[in-house]
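Student: Here is a sequence with its predicted model. Questions after.
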Amino acid sequence: MTSRISHTSIDCRNAYELSEWWRQLLDYVDVADDPNEPGHEECMILARDGSHHVLFIEVPEAKTVKNRLHFDLRPTDRTQQEEVDRLVGVGATVLADRRGQYGPGTGWVTMADPEGNEFCVLRGDGELAATPG
């Protein structure tokens, strides 16, 4: 017997605002018959194909330490730098630039969402396809 991951949960201060931020960032959608609204303490978003769900749950305490689990985002239609620039434009913060850490064309950029949850931006699909070997 095995288990499967039903969804990823993120503790937050404002479930609606953070779910809206991530929904737009990832091009996800609300659950069809249960749209997220201001004041909801739990807000679910999902990939358009239904393959991934993210649940935002309001908690009383603020984030105090580094995440033990985070998203690694890979741009599908732009470069890593273009995605970093886009995310900064919608309110993300760059925490660390680890590009080139293991040689040319390697690494990631560590960022934070508006509530301080860390995530990383990897090289884009096109950049990977253009890398020999």
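Tutor: Looks like it came in fine. Numbering: from 1, shown residues only.
Student: helices and strands of this protein: which one has the lowest mean pLDDT?
Tutor: One helix or strand of the chain scores below all others by mean pLDDT, DSSP states H and E: helix 125-129, with a mean of 87.
Student: Using PDB, write out the CA atom coordinates for that one.
Tutor: Coordinates of each C-alpha in helix 125-129 appear next as PDB, following Å, rounded to 0.1, in the frame of the first residue of the first chain:
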ATOM      1  CA  ASP A 125      12.600  25.100 -20.000                       C
ATOM      2  CA  GLY A 126      14.200  26.800 -23.000                       C
ATOM      3  CA  GLU A 127      17.400  27.400 -21.200                       C
ATOM      4  CA  LEU A 128      17.600  23.700 -20.200                       C
ATOM      5  CA  ALA A 129      16.900  22.600 -23.800                       C
END
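Student: I would like the residues contacting it, please.
Tutor: Residues from elsewhere that reach helix 125-129 (CB atoms under 8 Å, 6 or more residues apart in numbering): 74-80, 105. Heads up, the C-betas are built off the backbone N, CA and C, glycines and all.
Student: Give me the distance from it to the chain's centre.
Tutor: 19 Å (CA atoms, centre = their mean, to the nearest Å).
Student: Name the nearest residue to Asp11, sequence neighbours excluded.
Tutor: Nearest residue to Asp11 in three dimensions, chain neighbours excluded: Val59, at 4.5 Å (CB to CB, 6 or more residues apart in numbering).
Student: buried sites along the top helix by length along the chain?
Tutor: Longest helix in the chain, counting residues (DSSP state H): helix 15-26. By neighbour count on 16 or more other CB atoms under 10 Å, the buried set for helix 15-26 is 15-23, 25-26.
Student: before we move on, back to that, give the buried subset of the contacts of helix 125-129 as a PyMOL selection command.
Tutor: Burial among those is assessed by 16+ other CB under 10 Å; the matching PyMOL selection reads:
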select buried, resi 75+80
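Student: So which of the contacts of helix 125-129 sit within strands?
Tutor: Using DSSP state E, no member of these sits in strands.
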